[in-house]
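Trainee: sequence and predicted structure are below.
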Amino acid sequence: MGLNFRKSFKLNKFIRINKTKKGYSVTLCGKKLHLTLNSKKKLTASIPGTGISYDTTIGGKKKTDKK
């Protein structure tokens, strides 16, 4: 367990950029849906107040068949 630092910049009513020591994330906020994309290409969609969310990775590694 260590000390973490996070800085959040709100660009407008719907867009927020978070900076951590490990990278960046961009959040699009609405009343019914939040979408977050981080620097590791992980996309999270969540419905505020319900605890329901979905995570996926965008542009994963291509599998190669080594013989």
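Mentor: Received it, and whenever you're ready, just let me know what you need.

Trainee: send me stretch 24-42 as CSV with only the CA atoms.
Mentor: Output of stretch 24-42 as CSV, limited to C-alpha atoms (Å, rounded to 0.1, in the frame of the first residue of the first chain):
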residue,chain,number,x,y,z
TYR,A,24,-4.4,9.2,-17.9
SER,A,25,-8.1,8.6,-18.2
VAL,A,26,-10.9,10.4,-19.9
THR,A,27,-14.5,10.3,-18.5
LEU,A,28,-17.6,11.3,-20.4
CYS,A,29,-20.4,11.9,-17.8
GLY,A,30,-24.1,12.0,-18.3
LYS,A,31,-27.1,11.6,-16.0
LYS,A,32,-27.6,8.0,-17.1
LEU,A,33,-24.2,6.7,-18.3
HIS,A,34,-20.5,7.2,-17.6
LEU,A,35,-17.9,6.1,-20.1
THR,A,36,-14.2,6.0,-19.1
LEU,A,37,-11.2,5.2,-21.3
ASN,A,38,-7.8,5.0,-19.7
SER,A,39,-4.2,4.9,-21.0
LYS,A,40,-4.2,1.1,-20.9
LYS,A,41,-7.0,1.1,-23.5
LYS,A,42,-9.6,-0.2,-20.9
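
Trainee: okay, now the unreliable bits of this structure?
Mentor: 1-2, 4-6, 60-67 (pLDDT under 70).

Trainee: how about the strands in it?
Mentor: Remark: strands assigned in the chain by DSSP state E are 6-10, 15-20, 23-29, 34-38, 42-47, 52-57.

Trainee: and the second one, which strands flank it?
Mentor: Partners of strand 15-20 in the sheet, by DSSP bridges, are strand 6-10 (antiparallel), strand 23-29 (antiparallel).

Trainee: buried ones in the last one, by neighbour count?
Mentor: Same thing as strand 23-29. Buried residues in strand 23-29, counted by 16 or more other Cβ atoms under 10 Å: 25, 27. Every residue, glycine included, has its C-beta placed from N, CA and C.
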